[in-house]
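**Student:** give me the fold of what follows.
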Amino acid sequence: MATVETIYMGGLRTEATHVQSGTKIVTDAPTDNHGKGESFSPTDLVSAALGSCMMTLMGIAADTHGINVDGTRLSITKVMAADPRRIDEIVIDVHFPSAYEPKQRKLLENAAATCPVAKTLHPDCKQTIRYFYAE
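**Tutor:** Model (predicted):
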């Protein structure tokens, strides 16, 4: 069975449906590539997928070790390259709501490093991950 079913809606838009849940995502081409920028672009979704994957794995590690990471916020910046057009870099700033002990920090950062999306992206797509802990 398929994981996602995608339909081209015209006007550089697609609608992707997650088959198991029925959840839908609409994409639009970005304004710098003939689109209206009225929704996530496909490359925005790649960037979001990297952040969500990292946060999910940190959440699993946190739950396993009794660390509360609720309220952790990611600020994700996608940098495009022109020739060929591709994602050149994804910068993720991870803002934790607590300072955490050094052992907990290492545990969370190591968990993020095991993200399957990060390991799937081509090595030419630079991944810059910065961690900020509350004081």
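**Student:** now the longest helix along the chain - C-alpha only, CSV.
**Tutor:** Criterion DSSP state H: the longest helix present in the chain is helix 42-65. The C-alpha coordinates for helix 42-65 follow below in CSV (Å, rounded to 0.1, in the frame of the first residue of the first chain):
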residue,chain,number,x,y,z
PRO,A,42,8.3,20.9,-1.4
THR,A,43,11.7,22.1,-0.2
ASP,A,44,10.1,23.7,2.9
LEU,A,45,8.7,20.3,3.7
VAL,A,46,12.1,18.7,3.5
SER,A,47,13.4,21.3,6.0
ALA,A,48,10.4,20.8,8.2
ALA,A,49,10.8,17.0,8.0
LEU,A,50,14.4,17.3,9.2
GLY,A,51,13.4,19.4,12.2
SER,A,52,10.4,17.2,13.1
CYS,A,53,12.4,14.0,12.8
MET,A,54,15.2,15.4,15.1
MET,A,55,12.6,16.6,17.6
THR,A,56,10.7,13.3,17.5
LEU,A,57,13.9,11.3,18.3
MET,A,58,14.8,13.8,21.1
GLY,A,59,11.3,13.3,22.4
ILE,A,60,11.7,9.6,22.5
ALA,A,61,15.0,9.8,24.3
ALA,A,62,13.5,12.4,26.7
ASP,A,63,10.6,10.2,27.5
THR,A,64,12.8,7.2,28.0
HIS,A,65,15.1,9.0,30.5
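**Student:** against which helices or strands is that helix packed?
**Tutor:** With contacts defined as 3 or more C-beta pairs under 8 Å, 6 or more residues apart in numbering; DSSP states H and E, helix 42-65 has these neighbours: strand 24-28, strand 73-82, strand 85-96, helix 102-112, helix 116-120. Yep, even glycine has a C-beta here, placed from its N, CA and C like the rest.
**Student:** list the buried residues of it.
**Tutor:** Using 16 or more other C-beta atoms under 10 Å as the test for burial, helix 42-65 gives 43-44, 46-51, 53-55, 57-59, 61-62.
**Student:** picking up where we left off before, just tell me which of the helices and strands packed on helix 42-65 ends up closest to residue 131.
**Tutor:** Closest to residue 131 of the helices and strands packed on helix 42-65, according to C-beta to C-beta: strand 85-96, at 4.9 Å.
**Student:** much appreciated, bye for now.
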